[in-house]
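*Asks:* Sharing a model prediction with you, sequence too.
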Amino acid sequence: MSPVKASTMDADLQQVFGSPVPELHEAAVGHDASPALARALELRSFLALTEEQVVRVRDRVHADMDPDRDIGELSADKLRFDAQWLEAALDARDSYRAALGELLCTMPPPDPQARPVRMTQLKATVTLPPSAAPAPQRAGTARARRP
């Protein structure tokens, strides 16, 4: 089994599907894998990659801003580029988190037997209050045709 990079949504995936992410990857390879699981893991892999990019840029900016670093090495252009890169990576991360969160909230349960189905038909009984006005004598009778 190959190592799986962590993502911030792994706990949500485990809660919905009932297994840790590495086991979910193994289950997704099987012939009876759920399409929802495959889609969720695909979004999760995009999210994990994007989060890795965010961490790399953050660490690079921290290293560039290290107080022990020579101030002559500081470059406004490089920091501007890193800020743009970080903004793009954060936007992508937010989009993947939103898409995965929406998928997890709207997908059907993984096991159709997970929710019992009620097979009995409910009956409603209603007692109507007596009418305040009496019904006309001819109410409900058919009118005779006139020649």
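*Replies:* Okay, I see it.
*Asks:* Which helix or strand contains Leu43?
*Replies:* helix 35-64 (DSSP states H and E).
*Asks:* Can you give me the buried ones in that helix?
*Replies:* Of all the residues in helix 35-64, those buried under the rule 16 or more other C-beta atoms under 10 Å are 36-37, 40-41, 43-44, 46-48, 50-51, 53-54, 57. Where you see a C-beta, it was placed from the backbone N, CA and C, and this is true even at glycine.
*Asks:* pLDDT weak spots in this structure?
*Replies:* For the chain, applying pLDDT under 70 flags the ranges 1-3, 108-147.
*Asks:* mind redoing it with 90?
*Replies:* Flagging of the chain using pLDDT under 90 yields the residue ranges 1-5, 27-36, 73-74, 106-147.
*Asks:* tell me the helices in it, going along the chain?
*Replies:* 10-17, 21-29, 35-64, 76-106 (DSSP state H).
*Asks:* Between these, which one is closest to Asp70.
*Replies:* Smallest distance to Asp70 across the helices of the chain (C-beta to C-beta): 11.0 Å, for helix 35-64.
*Asks:* Report all helices and strands that the closest one contacts.
*Replies:* Packing partners of helix 35-64 (3 or more C-beta pairs under 8 Å, 6 or more residues apart in numbering; DSSP states H and E): helix 10-17, helix 21-29, helix 76-106.
*Asks:* what distance separates stretch 26-43 from the middle of the whole chain?
*Replies:* 15 Å (C-alpha atoms, centre = their mean, to the nearest Å).
*Asks:* That should have said stretch 95-103, apologies.
*Replies:* The mean C-alpha position of stretch 95-103 is separated from the chain mean by 5 Å, C-alpha atoms, centre = their mean.
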